[in-house]
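> the amino acid sequence is not available; the structure is as follows:
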C-alpha cells in the first residue's frame, strides 16, 4: 500500500512539473513556429483568428506549430487578464478550445474567464490557481516589453521565419508565408474579376473604398470593372441578381476556391454569372430603387422640407440609443429646424420583447408626445423595458394614463407595428439603426458628415440614373 501511495505521489509531482515546463516544449519536433500576437478585445484580432489563423492551423498544423501569443493593447486593460488566462490554458494543453470559448465574451471579467474555462472543460481549480498567481501579470508585462523591443507594436501581427505580417490581411498572404517557410512552391495568385454596377449620378454612393477593403481583407488579386447601372449590361446584372440597389458587386465564378470564402459566404448571393454581395451586407451608402413611402410616422420638421429621412430603430438597440443622444441632436439643429429636412421614425422591433415598447412609443405619439417618450426611453436603456417600466415613463411625461393603457392593449396598435415591420423586411432592413435619406440607404449609426453628404446629395439630386422610366 505504501509503495502504491508513493507511486501516486511521484506521478502527481511529475504531472505538476510537466504543466510548469510544457510551454517551453511547444512547437518542438513540429518544424517552424508561427506566432500570432493577438488582443481578443481588438476586433481585427478576433477577425484574424477566425478567418485566417484557425483555417491555416487546420491545413498546415502537422508541419508548422501555430501559437497564439497574448499581446494586450494599452486601450484594453481587461485583455491583460485574458492574456494570463490564455497562458494558463496553454500550460494545461487546451489553448484552442479555451480561446474558442473566450470569444463568446468581450468584457473578460473574472467570472467570464472562469465561465470560458468551464466551457472548455479545463480543471477549474488548477486554472483558478494559475489565474490568481501574483506574478503572472507582471511576467506578462515583461514579455510585452520584450516583444515591443523586437519591433512588434500592433495586433494582429503574424511572425513566421523571416516573415512579419501586421494587420488583418487576406488568408492568401499568410498562406504564402507558410508555403515559403516550408520550401513549397508559391504560385502566382489567380486573378478574379469583379463587376461593380454603380450610379454615376450619385456622388455619395462611393464604391472604390469598399473594393479596396475587399482586396485588403478578402483577396488581394481582384480586378474590378465599373458598369454604369443605366447601361444594358448594368440593367442585365441587376436583373440577374434581383437587386434593386447600387452599387452592386458581381464576382465571377471560381471565387469559391479562395481560402477564406467559406468564412464570408453568408454575405454573398448566387446568380448565373457567379456571386454578388447582398445589399443587406453592404455597410456603405447606397442608392435603392424602391425607397420607403411610409405614412403616419412620428416626425420632426416641416412637411414642406425638400428631404425626408426615415430612421428604422429599436428602443432596445444600443447603437440606436447612442445615435439618438449624439448625432441626432446635431442633425436636427443643422437640417431639421431650418426646414431643410424632416426626420421620421419607424420603430422596428427586432425581438419579441421590443414589440410592446414600440407600441407604447406610438401610443405616446397619439397624445402628441412621441419624442418625449422616445427621449425618456433611451435615458433608461440600461435594462429591458417591461410593462411597468412603460407605464412609469408614461407617468413621468404626464400622459393620460387611461387612454395610454387602452391604446397599449389595442389590436390596431399591434397591427401598426406589424405593418412597419413588414415594410422594413421588404426594404431589406435587417439591423438597426438603418436610415433612408430619400432613396439613399445608410446602415448603422454613422457619423454626422455621412448624413450631411447624403442630405446635400438629395438637395441637388435628379434621381437614380438606372431607374426605368
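Now that the structure is in, tell me what you want to look at. Just so you know, these numbers come straight off a predicted model, no measurement behind them.
> neighbouring contacts of stretch 99-112?
Outside of stretch 99-112, the residues within contact range by Cβ atoms under 8 Å, 6 or more residues apart in numbering are 40-41, 46, 49-50, 68, 78-79, 81-82, 85-86, 89, 113, 115-117, 119-120, 131. C-beta coordinates here come from the backbone N, C-alpha and C atoms, glycine included.
> hmm, 10 Å instead?
38, 40-41, 43, 46, 49-50, 53-54, 68, 72, 76-83, 85-86, 89-90, 94-95, 113, 115-122, 128, 131-132 (Cβ atoms under 10 Å, 6 or more residues apart in numbering).
> from the residues you listed, which would you call buried?
Buried positions within the contacts of stretch 99-112, assessed by neighbour count (16 or more other Cβ atoms under 10 Å), are 38, 40-41, 46, 49, 53-54, 68, 72, 76, 78-83, 85-86, 89-90, 94-95, 113, 116-117, 120, 122, 131.
> ok so residue 84 is a strand residue?
No: counting by DSSP: H, G, I helix; E, B strand; the rest coil, residue 84 falls outside a strand, being helix.
> residues contacting it?
Going by Cβ under 10 Å, 6+ apart, residue 84 touches 70, 72, 113, 130, 131, 132, 133, 136, 137, 139, 140.
> show me where the stretch 101-250 of the chain has strands.
Per DSSP state E, counting those that start in this stretch, the stretch 101-250 of the chain has strands spanning 157-160, 163-166, 192-198, 222-228, 245-246, 248-252. These are given in chain order.
> could you export these as CSV, including mean neighbour count, mean pLDDT and distance to residue 361?
CSV is the format used below for those (neighbours: other Cβ atoms under 10 Å; pLDDT from 0 to 100; distance: least, Cβ to Cβ, whole Å):
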stretch, mean neighbour count, mean pLDDT, distance to residue 361
strand 157-160, 22, 96, 47
strand 163-166, 16, 92, 47
strand 192-198, 21, 96, 37
strand 222-228, 16, 95, 43
strand 245-246, 26, 94, 29
strand 248-252, 23, 97, 35
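> so which of the ones you listed is nearest residue 324?
Nearest to residue 324 among the strands of the stretch 101-250 of the chain is strand 245-246; the distance by Cβ to Cβ comes to 25.9 Å.
> elements contacting the closest one?
strand 192-198, helix 232-241, strand 286-288 (3 or more Cβ pairs under 10 Å, 6 or more residues apart in numbering; DSSP states H and E).
> dump these into TSV; add distance to residue 422 as well.
As requested, the helices and strands packed on strand 245-246 are arranged in TSV below (distance: least, Cβ to Cβ, whole Å):
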stretch	distance to residue 422
strand 192-198	28
helix 232-241	23
strand 286-288	17
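> for stretch 279-296, buried residues please.
279, 280, 282, 284, 285, 286, 287, 288, 289, 291, 292, 294.
> residues near residue 133, how many?
The local packing count at residue 133 equals 12, with neighbours defined by other Cβ atoms under 10 Å.
> tell me which element residue 435 is part of?
Per DSSP states H and E, residue 435 falls inside strand 434-437.
> what about the very next helix or strand once past that strand, distance to the chain center?
Downstream of strand 434-437, the first helix or strand assigned by DSSP H and E is strand 440-443. Remark: strand 440-443 is offset 17 Å from the chain centroid, using Cα atoms, centre = their mean, to the nearest Å.
> in its sheet, what does strand 440-443 sit against?
strand 286-288 (antiparallel), strand 434-437 (antiparallel) (DSSP bridges).
> tell me which of those strands lies nearest to residue 241.
strand 286-288 (13.5 Å).
> so how far is the helix or strand following that closest one off the chain centroid?
Sequence order places strand 299-300 as the next helix or strand after strand 286-288, per DSSP H and E. In this view, strand 299-300 has its centroid 30 Å away from the chain centroid, taken as Cα atoms, centre = their mean.
> average model confidence for strand 299-300?
In this model, strand 299-300 has an average pLDDT of 96.
> paired strands for it, with orientation please.
Taking DSSP bridges as the criterion, strand 299-300 forms sheet pairs with strand 341-347 (antiparallel).
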